[in-house]
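**Student:** Pasting the sequence and the predicted model now:
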Amino acid sequence: MDSPPDTAPATWRAQALAGLQRGDMTLAEQAFSRLLEVRPDDAEALQFLATRQLGRGDTVRAIELLQAARRSQPQDAAILHQLGSAQMLAGDLHAAADSLRKGLELAPGMFVARLRLGVVFEQQGHRHEAMTAYLGAIHAAQARGRWLSDETTAPGVRDAVKHATQYVAAGRRELFAATIEPLRQRYGPAELARVDHCLAIYLHEQPAPLPDPRQRPGFLYFPGVPSQTFYPRERFPAHARLEAAVDVIRDELRAVLSDAGNDLVPFLGAPSAEAVAARLLDASGTQEPAWDAFFFYRHGVRHDGNCARCPRTIGLLDSLPLVRVRDHAPETLYSLLRPGTHILPHRGVTNTRLVTHLPLIVPPDCALRVGGETHVWEEGRCVTFDDTFEHEAWNHSEQTRVVLIMDSWNPDLSEVERAAVADLVAAIGDFNRSGAIPAPSAT
């Protein structure tokens, strides 16, 4: 006697799962097939049976089953991934790319799907899209502790991951070299020799020849320039204009501080950055540590409202030869270190640019230490240092310390080298952001 209709699906599913648990794929297939007779839109059964058909080399039937599963569960990213993989095997690259992209839109963290999308793009001849898909796959996997070595990479994708890694390395080398090629053509290779060395270090093709063990850039090391913690004042003659106007700058600062809606923000970011703040800030007293900022530029983006409130200050800053890199620099701000706050030792990202402080309000017992060398701020007197050396700052007083911060090009870079670094850093930023789902190129 047949099972009642309301219990049959549960019975067949239970049998299928029991077969899977025992490794009896034949039993599982038979049970899932019976389940489909009463539940033709059951996604679990459709996916399993599609896998069995792929194992037999029947991609047509597998795709039919997966398309039915997708109709049943249109928002299931795993089904789209499986469908895209089957379409790849069938040679329908256009359909495979569409399925994989849609799956990644639903679940961007599916790094194997992103890897397969890179394979599809490569086979289609879309070189840039393939490179960025591979890059996104590698980043997503490594963020989860995968693909860091053979041991952390599933055997079935090891060769593909190695290919993707080599493909990305070759592609970004080609891309970054092309970025500075116009300058090379204009000024000659000798002018770009140190930039070429810098790029080779960034790409891990050569070791960084760091002359001082205290120095360790987090991002980009430029070789062949003197390694020093603090820089002589005479290297930055334009800073004299800031020092001459310190009273005006301080007056505009005080006007900002007296305004209840002064637009101060945590330097380290929104509350979501609390973990970062916990690693970088400490307190010498009972008050919570705080490092606040009033930005004129942040990552190269001008804060027009803040600039309008301090016209003399921003006028002076805009007259200086600040570092200007699209989406990265300049970085200029009033930096407020609250009472009892200690910025713990850390390092900056590159020695191509230096950090300058114009101290505006400096209570007693405040100082800056760079590479083990301590500097006590003097109001109205600029100090410039290389923040790729480990550095820290503290305010052990009961008042707020305020300095105007700006970034300056390392004076030991030539104008051509500065232009090349600006172009290169912007290109690296673009490349690193491109690991999202790439749009296909026009054919």
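**Tutor:** Noted; the coordinates are in hand. Numbering: from 1, shown residues only.

**Student:** Can you spell out the domain ranges of the protein, please?
**Tutor:** Segmentation of the chain into domains, based on automatic domain parsing, reads 8-169, 230-412.

**Student:** for Ala28, what are its contacts?
**Tutor:** Gln15, Ala16, Leu17, Gly19, Leu20, Phe48 (CB atoms under 8 Å, 6 or more residues apart in numbering). Where C-beta positions appear, they are placed from N, C-alpha and C, glycine not excepted.

**Student:** Show me where the stretch 251-400 of the chain dips below the pLDDT cut-off.
**Tutor:** 270-278 (pLDDT under 70).

**Student:** about what we covered before: next, format the domains of the chain as TSV and append distance to Leu210.
**Tutor:** Shown next, in TSV, are the domains of the chain (distance: least, CB to CB, whole Å):
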stretch	distance to Leu210
domain 8-169	23
domain 230-412	9
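
**Student:** wait, which of the ones you listed is closest to Ala177?
**Tutor:** Set against Ala177 and scored by CB to CB, the domains of the chain come closest in domain 8-169, at 12.5 Å.

**Student:** quick one on the thing from earlier: would you reformat the contacts of Ala28 as CSV and include distance to Ala426?
**Tutor:** Converted to CSV, the contacts of Ala28 look like this (distance: CB to CB, whole Å):
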residue, distance to Ala426
Gln15, 60
Ala16, 55
Leu17, 54
Gly19, 56
Leu20, 52
Phe48, 48
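
**Student:** Spell out for me the PyMOL command that would select the buried members of those residues.
**Tutor:** In PyMOL syntax, the buried subset of the contacts of Ala28 is picked out as below (16 or more other CB atoms under 10 Å):
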select buried, resi 15+16+19+20+48
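
**Student:** end-to-end on stretch 150-157?
**Tutor:** 10 Å (CA to CA, to the nearest Å).

**Student:** quick one: contacts of that stretch?
**Tutor:** Contacts of stretch 150-157 (CB under 8 Å, 6+ apart): Val112, Leu115, Gly145, Arg146, Trp147, Arg158, Val161.

**Student:** which ones among those residues are found in helices?
**Tutor:** Judged by DSSP state H, the contacts of stretch 150-157 include Val112, Leu115, Arg158, Val161 as members of helices.

**Student:** Kindly indicate which of the residues you listed lies nearest Arg309.
**Tutor:** Relative to Arg309, and with distances defined as CB to CB, the nearest of the ones in helices among the contacts of stretch 150-157 is Leu115, at 49.3 Å.

**Student:** Return the residues in contact with the nearest residue to the closest one once chain neighbours are set aside.
**Tutor:** Leaving aside its chain neighbours, Leu115 sits nearest to Ala137 (4.1 Å; criterion: CB to CB, 6 or more residues apart in numbering). Counting by CB under 8 Å, 6+ apart, Ala137 touches Phe111, Val112, Arg114, Leu115, Leu117, Gly118, Ala164.

**Student:** same thing but 6 Å
**Tutor:** Phe111, Arg114, Leu115 (CB atoms under 6 Å, 6 or more residues apart in numbering).

**Student:** how many neighbours does the second one have?
**Tutor:** Neighbourhood size, Arg114 [other CB atoms under 10 Å]: 30.

**Student:** Would you agree it is in contact with Gly136?
**Tutor:** Yes - the pair Arg114 / Gly136 is scored as a contact, 5.0 Å apart, by CB atoms under 6 Å.

**Student:** tell me which of the contacts of stretch 150-157 is nearest to Leu268?
**Tutor:** Closest to Leu268, out of all of the contacts of stretch 150-157 and judged by CB to CB, is Gly145, at 25.4 Å.
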